[in-house]
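mind folding the following:
(2 chains, ligands or ions: 1)
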Amino acid sequence: MTGQDLIKIKKQYVDRVKSEAKSGFVTVDVHMGTCGIAAGSQKIFDAIEKEMEKLEAKNIKIRSTGCAGFCSMEPMITVHVPGKPSVKYGKLDAKKALEIFYSHVLGGHVKADYAMSQGLEKPQHRLTGK
Amino acid sequence: MKALYQLSLADKVELVETDCLISCQEGPSIMLLPSGRVAQVNPGHNFTAWLIANIAALYHSPHRPSISLRGDAEIPPIEQMGFFSKQELVVMRNRGHIDAENIEEYIAHDGYMALYKVLTALEPEDVIKEIKSSGLRGRGGAGFPTGLKWEETRGYKTNPKYVICNGDEGDPGAFMDRSLMESDPHAIIEGMAICGYAIGAPQGYIYVRAEYPLAVKMLQTAIDNAVKKNLLGRNIMKSGFNFNIGIYPGAGAFVCGESTALMFSIEGKRGMPRIKPPRSAEAGLWEKPTCLNNVETFANIPQIIRRGADWFKSFGTPESTGTKVFSMSGAVRNVGLVEVPMGITVRSLIFDIGGGIKGNAKFKAVQLGGPSGGCLTEEHLDIPITFDSLQNVGSMMGSGGVVVMDDTNCMVDVARFFTQFSVDESCGKCVPCRTGLSVILSILEKIIMGNGVPEDLHELETLALHIQKTSHCGLGQAAPNPVLSTLRYFRHEYEAHIYDKRCPALVCTDLIHFEINADNCKKCGLCAKVCPAGAISWQKKEMPVIDKIICTKCKSCIRACKFEAIY
Ligand SMILES: Cc1cc2nc3c(=O)[nH]c(=O)nc-3n(C[C@H](O)[C@H](O)[C@H](O)COP(=O)(O)O)c2cc1C
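Purely as a prediction, here's the structure:
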């Protein structure tokens, strides 16, 4: 590993994310710090994953990311649809998460009832530039 | 149709063939009624998924149409939400944003660039100079200048040297370090490696409490991944610099967060602080020069190196630069982890970010610094949060726990809670802490039970000051702070307990009469309904009566009564 390799890894990763975005990849981040898991985020992760398997969904990515900081809104997820602002959802359970999955992730309609906010915190940004 | 059955929607949705709805090149589409939403096939999805998705967008549950009651436009942009907008993410920039188990994601967000810069372009002295010039002070509580500590450790010639990351996080109500270790472990690892290079140490240890299993797992995964990519280990990035990190899970003793006790704990000895000097920088772990910093301190390092000391100094105040992460809990509306620039006021922290006090209660006090800190009141709300300003009013920054209290909290009880914690966690080495704190606790308990006498307050004060002055380590020296600060700002509450045998916040059960105040009672009978013991009898339009023999003093009635009629 050299500095060049580091930059290469970064570039390859960003390129991959960009090409995924181009082909319509939707990313679901489930915030799974200890606090999120205690509030039930593992159940949400499992429910979405199971549904994805059932539907053989190909261009959806589910990630477990750390705590997003807002304990009283846990469990939380963030949905990133290419070209649209990311949406954070809070106070979920597996049932609500599936509603979001069908409506927003698969269908492209933000599930506004459970949405907390749109956009990302500064200085966070999507690697796709949007 | 099969998909509709799967969702048990078959009898709720009618499928009708129609003419072309939108332009043909857009592919097959459906229109959902009554919303009139047109949805189209997304090429990547299989047909079932597509159908389910679009129909479920309208009717998810068989009982309730899932048309959103709010329009998309009503979802507030994140910059307009008080909780997020006032925060300044430096150390927590990757929170909830990257998958910590995937090192490539960290690298894609400029991870390990600082280590690369250090190894290829900077001498150890330059690194230390940059950290010194950033003004970074330790985030573990004491606020010692980090650059100075590194310089001192570098100055000793004994080898090998060690880097230790303090992830013990023992304060009740603090969870900043845990969250950092779980969500961005590579930032800590990178910071430690930079420290190792700066002071000339080949080995680092992360001391994490074993009650944080997820943090341990994330750190271990991160270390393994970094080793695989030669970002840790031998000859890192072909620079000739070697650095390894091991994890040491601690058994969760508060005192093991104290630097010398922590080092004994790693050595396999009993975790008890020792007398300094020698300072750890001279003779720390295995009596070798050791640089110990807090998790958050290390997480700041890569960004200071990458973006420069001046950038870092643009946050905060001249004496307290940068940001600080606080874990805010208690009576505030928005409980969570907040990172704010130093110098922000306590008011802004609690009211802008915390969203103010939950329910209809009123702000009463805020405890900063956990069991070692003191409480602040309404009059302190406009104090800027810096290391020095808080100390001046008898509180402290501490590691960042913020516990907000409203008028349903009894301050004597709060003091008892924190003192109980310190008594439990005292290592027992020195008398003032071991015995003195127990005596304080027994006096507080006596007052809470209604047996307090006027001399108690004086005795509490003298004893607390003695313990402060004569205890061996920071635990004992700081443990009386909750008692002293509540005595200073809420003396009237102590007096109410002692002279009037009354707990104004109705917390101390022994001082509650469980009687009805006829002036306030509206005879609504709610208390009788909620009483789980059936101790309250009530007839319509009559005052309820509490049977004190059956009453278990659970206080359900007090919480339920909207008119403060039970005392
Ligand atoms: C009783 C006691 C408990 C402590 N607990 C912690 C802790 O949990 N985490 C921590 O970083 N520092 C803790 N400290 C402070 C450490 O002794 C030390 O000052 C600090 O970790 C140094 O790192 P810093 O300069 O980066 O802040 C504690 C100190 C005392 C006296």
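
where do the strands sit along chain A?
Applying DSSP state E to chain A gives strands spanning A:26-31, A:60-65, A:77-80, A:87-89, A:115-118.

export those to a markdown table and tack on mean pLDDT?
Formatted as a markdown table, these follow (pLDDT from 0 to 100):
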| stretch | mean pLDDT |
| --- | --- |
| strand A:26-31 | 96 |
| strand A:60-65 | 94 |
| strand A:77-80 | 96 |
| strand A:87-89 | 96 |
| strand A:115-118 | 92 |
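
check whether the closest residue to B:Arg491 other than its chain neighbours sits in a helix, strand or coil.
Among residues not flanking B:Arg491 along the chain, B:Leu457 sits closest, at 7.3 Å (Cβ to Cβ, 6 or more residues apart in numbering or on different chains). From N, CA and C alone the C-beta is placed, and that goes for glycine too. Recorded secondary structure, B:Leu457: helix (DSSP: H, G, I helix; E, B strand; the rest coil).

phi, psi for the nearest residue to B:Pro145 once chain neighbours are set aside please.
Nearest residue to B:Pro145 in three dimensions, chain neighbours excluded: B:Arg137, at 5.4 Å (Cβ to Cβ, 6+ apart). Main-chain dihedrals, B:Arg137, degrees, to the nearest 10: phi -120, psi 150.

now distance to B:Gly330 and mean neighbour count too, for the strands of chain A, in a markdown table please.
Shown next, in a markdown table, are the strands of chain A (distance: least, Cβ to Cβ, whole Å; neighbours: other Cβ atoms under 10 Å in any protein chain shown):
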| stretch | distance to B:Gly330 | mean neighbour count |
| --- | --- | --- |
| strand A:26-31 | 22 | 25 |
| strand A:60-65 | 27 | 20 |
| strand A:77-80 | 26 | 24 |
| strand A:87-89 | 24 | 26 |
| strand A:115-118 | 22 | 22 |
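
put together CSV for these, with distance to B:Ile275 on each row.
Listed next are these as CSV, based on distance: least, Cβ to Cβ, whole Å:
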stretch, distance to B:Ile275
strand A:26-31, 45
strand A:60-65, 45
strand A:77-80, 50
strand A:87-89, 50
strand A:115-118, 51
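
need those strands in TSV (columns: distance to the ligand).
Formatted as TSV, these follow (distance: least, Cβ to the nearest ligand atom, whole Å):
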stretch	distance to the ligand
strand A:26-31	24
strand A:60-65	25
strand A:77-80	30
strand A:87-89	30
strand A:115-118	31
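
dump those to a markdown table, plus distance to chain B.
Shown next, in a markdown table, are these (distance: least, Cβ to the nearest Cβ, whole Å):
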| stretch | distance to chain B |
| --- | --- |
| strand A:26-31 | 5 |
| strand A:60-65 | 5 |
| strand A:77-80 | 7 |
| strand A:87-89 | 7 |
| strand A:115-118 | 4 |
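
residues near the residue nearest to B:Leu475 when sequence neighbours are not counted, how many?
Counting by Cβ to Cβ, 6+ apart, B:Val255 is the residue found nearest to B:Leu475 once chain neighbours are left out, at 5.5 Å. When counting by other Cβ atoms under 10 Å in any protein chain shown, one arrives at 24 neighbours for B:Val255.

and if you look at the one 4 residues further on?
By other Cβ under 10 Å, 25 other residues sit near B:Ser259.

got the contact list for the nearest residue to B:Pro384 once chain neighbours are set aside?
Of all residues not flanking B:Pro384 in the chain, B:Gly343 sits nearest, at 4.6 Å (Cβ to Cβ, 6+ apart). Applying Cβ atoms under 8 Å, 6 or more residues apart in numbering or on different chains to B:Gly343 gives the contacts B:Gly316, B:Thr317, B:Ser320, B:Pro384, B:Ile385, B:Thr386.
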